[in-house]
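1. Fold the stuff below for me.
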Amino acid sequence: MRRRDAEQQRDPSRILLSTQAIPHSSLITMKLPFAAFTTLAIASTVAAVDICTYTQRNCITGAAFGCCSNVPIGACCFWTQNILGWSVRFRNMTGNWLGTTSPDQNCGVQAAVTGASAGATTACVSVATTSTTNWFSARWSLNGTVVAPGPTTRSSLELAECRLPDVLGFTWANRNYRINVPGGQYDEVAQLLEVGDFEALTRFGKGA
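-> Numbers count the residues shown, from 1 in each chain. So this is what the prediction gives:
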């Protein structure tokens, strides 16, 4: 012990490191540039971003819909049903954001763009009335952020930063239904929505 104390007296910095050690995470944080702090701060405030797609234009209340909840920046929300994709709503947005839609299932080809306007926290975009082709995916980013297209196959989509809707909704018998899709059952539930078997769908969720 005496030898160790003597070494510390010769080198005071060793005492500082042993008594005031800085956590590794703090060291990493200190090295981040200011721009990174800005991006992280904005992204963290929109952690609850929802991307919803509808069976009708203009995101009409009462239309059947599917939503990807809590979508991270750049993640691709995609769907496989042809009845969806006639309009898309971006919700719970903050900051200078952009939302894009695509006619493919990997957010590749850009079809429509919307974004922040005078502090808008939500926006709806619709397929043009002159078009008979609906959309099949959507994503959001910060204005000026370049996001590469997602994978091109269904299997790789599910493994990457892409996701299927976790909420499906519809109106039947004058009641609005909202279904939290059980894990691994999206295809089954969405197929019922596509064929209009609302009675079968009611077993997955309660009406309001």
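2. Contact partners for Ala116?
-> Contact partners of Ala116, counting by CB atoms under 8 Å, 6 or more residues apart in numbering, are Met93, Gly95, Asn96, Trp97, Leu98, Asn143. (Glycine included, C-beta is placed from N, CA and C.)
3. Kindly recompute the last result at 10 Å.
-> Phe90, Met93, Thr94, Gly95, Asn96, Trp97, Leu98, Gly99, Ala123, Leu142, Asn143 (CB atoms under 10 Å, 6 or more residues apart in numbering).
4. Most neighbours of all those residues, which one?
-> When neighbours are counted by other CB atoms under 10 Å, Phe90 leads those with 29 neighbours.
5. Once you drop chain neighbours, what's closest to that one?
-> Gly99 (4.1 Å; CB to CB, 6 or more residues apart in numbering).
6. which SSE is the one you found in?
-> Element membership for Gly99 (DSSP states H and E) is strand 97-102.
7. That strand pairs with which strands?
-> Using DSSP bridges, strand 97-102 pairs in its sheet with strand 112-115 (antiparallel), strand 137-142 (antiparallel).
8. quick one: which of the contacts of Ala116 is nearest to Ala190?
-> Of all the contacts of Ala116, Ala190 sits closest to Phe90, with 20.9 Å by CB to CB.
9. tally of neighbours for the closest residue to Thr202 other than its chain neighbours?
-> Among residues not flanking Thr202 along the chain, Tyr177 sits closest, at 6.5 Å (CB to CB, 6+ apart). Look at Tyr177: counted by other CB under 10 Å, it has 20 neighbours.
10. now do Thr132
-> 7.
11. thinking again about what came up before, any figure for the gap between the residue nearest to Thr202 and Leu168?
-> From Tyr177 over to Leu168 the distance is 8 Å, taken as CB to CB, to the nearest Å.
12. list residues touching both of the two?
-> Residues touching both Tyr177 and Leu168 (CB under 10 Å, 6+ apart) are Ala64, Leu193, Leu201, Phe204, Gly205.
13. Could you say which of the residues you listed is surrounded by the most neighbours?
-> Leu193 (24 neighbours).
14. surely that one meets Ala63?
-> No. Using CB atoms under 10 Å, Leu193 is not in contact with Ala63; the gap is 11.5 Å.
15. where do the contact lists of these two overlap?
-> Joint contacts of Leu193 and Ala63 (CB under 10 Å, 6+ apart) are Thr55, Ile83, Leu84, Gly169, Phe170.
16. Mind picking the one among those residues that's closest to Tyr186?
-> Comparing these against Tyr186 with CB to CB picks out Leu84 as the nearest, at 12.2 Å.
17. Could you give the number of residues near that closest one?
-> Neighbour tally, Leu84, other CB under 10 Å: 26.
18. you'd agree it is in a strand?
-> No. Secondary structure of Leu84 (DSSP: H, G, I helix; E, B strand; the rest coil): coil, not part of a strand.
19. before we move on, the earlier item: please report the distance of the residue nearest to Phe90 from Ala120.
-> 10 Å.
20. which residues do these two both contact?
-> Phe90, Met93, Thr114.
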